[in-house]
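A.B. asks: Give me the fold of what follows.
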Amino acid sequence: GYRVVHQKTKGITYAYQEALQHIETDVVIAFSPDGNSMAERIPALVEKMAEGYDMVIVSRYKDDAKSDDDDFFTGIGNWVFTKMINVLFGGNYTDSLVMFRGFKRDLVKQFPENIPRAGLETLLSIRCAKLKLKVGEIPGDEPERIGGKRKMQPILNGLDILRLIAIELFS
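C.D. replies: Model (predicted):
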């Protein structure tokens with residue numbers, strides 16, 4: 001009984017661009033296809049969204065949660081970018097880059113047609129902070145991915161995130 005949208009172009013950014021136009025529900029849950037988002041956290045995520053939040057992040061760094069997928073470099077990168085978003089845009093995040101989150105579908109209607117390479121997650125985190133929307137986090141471990149190696153390139157992705165932060169800061 002589920003409608004399946006087959007992705008035409010590889011990559012998570014294209015997956016969002018292609019899928020979001022087909023979503024008819026009020027809330028979207030983004031969930032990693034690599035097996036490192038824990039499905040057991042979905043009920044808590046839905047419950048938190050039902051409390052009136054615009055976005056709820058399943059944070060790998062809140063309370064006792066941990067990431068078994070991060071290496072030293074990606075862990076430091078996430079920490080730095082999360083701190084930058086908090087300081088520059090008034091966020092209060094522990095994990096601004098993680099995919100596993102719920103958000104109101106209407107949030108993406110105001111976004112550019114082409115999602116930046118830095119990702120929807122970063123853009124959502126920045127825009128929600130800038131607009132002072134109601135954002136919450138729940139803790140959620142991130143196990144190692146089961147689908148092979150990470151495809152994200154940390155240096156290129158980091159540069160894209162810095163570019164997006166600069167664009168959003170001056171717009």
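
A.B. asks: Looking at this structure, which helix is longest?
C.D. replies: Counting by DSSP state H, the longest helix found in the chain is helix 72-89.

A.B. asks: What lies in contact with that one?
C.D. replies: For helix 72-89, the surrounding residues in contact (Cβ atoms under 8 Å, 6 or more residues apart in numbering) are 61, 67, 70, 91-98, 122, 125-126, 129-130, 154, 158, 161, 165, 168-169. (C-beta placed from N, C-alpha, C; glycine too.)

A.B. asks: what about residue 134, neighbour count?
C.D. replies: When counting by other Cβ atoms under 10 Å, one arrives at 12 neighbours for residue 134.

A.B. asks: ok, it touching residue 49?
C.D. replies: No: using Cβ atoms under 8 Å, residue 134 is not in contact with residue 49; the gap is 10.2 Å.

A.B. asks: correct me, but residue 20 touches residue 109?
C.D. replies: No: between residue 20 and residue 109 there is no contact under Cβ under 8 Å: 9.2 Å.

A.B. asks: Residue 120: neighbouring residues, count only.
C.D. replies: Based on other Cβ under 10 Å, the number of other residues close to residue 120 is 23.

A.B. asks: for this structure, what are the low-confidence residue spans?
C.D. replies: 112-113, 147-148 (pLDDT under 70).

A.B. asks: quick one, helices of it?
C.D. replies: 12-20, 42-49, 72-89, 120-130, 154-169.
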